[in-house]
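1. fold the following for me, if possible:
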Amino acid sequence: MRIGELAKRLGLNPKTLRYWEEIGLLPPPLRNSSGYRIYTEEHLKLCEFVLKAKSVGFKLEEIKEIISLRSSGRTPCGCVEERIREKIQEIDRLIEELNSRRELLKNLLKERREVPASVCPFIESIG
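-> Model (predicted):
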């Protein structure tokens, strides 16, 4: 299949597929006599894997590492499990940070002060 068809099946822009190929995430496809890229079902499956990994927070560089491990004949599951645990910790940290920010904002509304301020007392009262 050509790049437009693959992109349409995946809901992507063809530029995305070219970029993934450029950074080594996708293996280069064969080209027909006119120079058009010809993608296989394996490319489709690999792209679906990339999209699934991205949907749970994996970065392209991490996905590339996982694919490289698999391509070299090793099972990447240990690496993936470790990355998943790291991502959970990061999410927990972000949730704590957001909860803290939420409480600060709620307190700003409760403790609104009518004090002189150069711009706005809400913001300037943050200690």
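
2. and residue 52, how far from residue 76?
-> From residue 52 across to residue 76, the span is 14 Å (C-beta to C-beta, to the nearest Å). For the C-beta atoms, the positions are set from N, CA and C on the backbone; glycine is no exception.

3. the two - which one has more neighbours?
-> Set side by side, residue 52 and residue 76 show more neighbours around residue 76, with 16 against 11, by other C-beta atoms under 10 Å.

4. so what pLDDT did that one get?
-> Per-residue pLDDT puts residue 76 at 91.

5. was I right to think it contacts residue 63?
-> No - using C-beta atoms under 8 Å as the test, residue 76 is too far from residue 63 to be in contact (10.1 Å).

6. where along this structure do the strands fall?
-> In the chain, the strands defined using DSSP state E lie at 30-31, 37-38.

7. and the first one, average pLDDT?
-> I take that to be strand 30-31. 93.

8. who's in contact with residue 56?
-> For residue 56, the contacting residues are 84, 87, by C-beta atoms under 8 Å, 6 or more residues apart in numbering.

9. make CSV from the strands of the chain and add mean neighbour count to it.
-> Formatted as CSV, the strands of the chain follow (neighbours: other C-beta atoms under 10 Å):
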stretch, mean neighbour count
strand 30-31, 10
strand 37-38, 16
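
10. of all the ones you listed, which one is nearest residue 106?
-> Across these, residue 106 has its closest neighbour in strand 37-38 (53.5 Å, C-beta to C-beta).

11. quick one: contacts of that closest one?
-> 1-3, 29-32.

12. how far does it sit from its chain's centre?
-> In terms of C-alpha atoms, centre = their mean, to the nearest Å, the centre of strand 37-38 is set 26 Å apart from its chain centre.

13. same check, this time on stretch 84-101
-> 16 Å.

14. output it as PDB, nothing but the C-alphas.
-> Included here for stretch 84-101 are C-alpha records, laid out as PDB according to Å, rounded to 0.1, in the frame of the first residue of the first chain:
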ATOM      1  CA  ILE A  84       5.300   1.400  32.900                       C
ATOM      2  CA  ARG A  85       6.200   1.500  36.600                       C
ATOM      3  CA  GLU A  86       8.200   4.800  36.000                       C
ATOM      4  CA  LYS A  87       5.200   6.300  34.200                       C
ATOM      5  CA  ILE A  88       2.900   5.400  37.000                       C
ATOM      6  CA  GLN A  89       5.200   7.100  39.500                       C
ATOM      7  CA  GLU A  90       5.300  10.200  37.200                       C
ATOM      8  CA  ILE A  91       1.500  10.300  37.000                       C
ATOM      9  CA  ASP A  92       1.300  10.000  40.800                       C
ATOM     10  CA  ARG A  93       3.700  12.900  41.200                       C
ATOM     11  CA  LEU A  94       1.700  15.000  38.700                       C
ATOM     12  CA  ILE A  95      -1.500  14.200  40.500                       C
ATOM     13  CA  GLU A  96       0.000  15.300  43.800                       C
ATOM     14  CA  GLU A  97       1.300  18.500  42.100                       C
ATOM     15  CA  LEU A  98      -2.100  19.200  40.600                       C
ATOM     16  CA  ASN A  99      -4.000  18.500  43.900                       C
ATOM     17  CA  SER A 100      -1.600  20.900  45.600                       C
ATOM     18  CA  ARG A 101      -2.200  23.600  43.000                       C
END
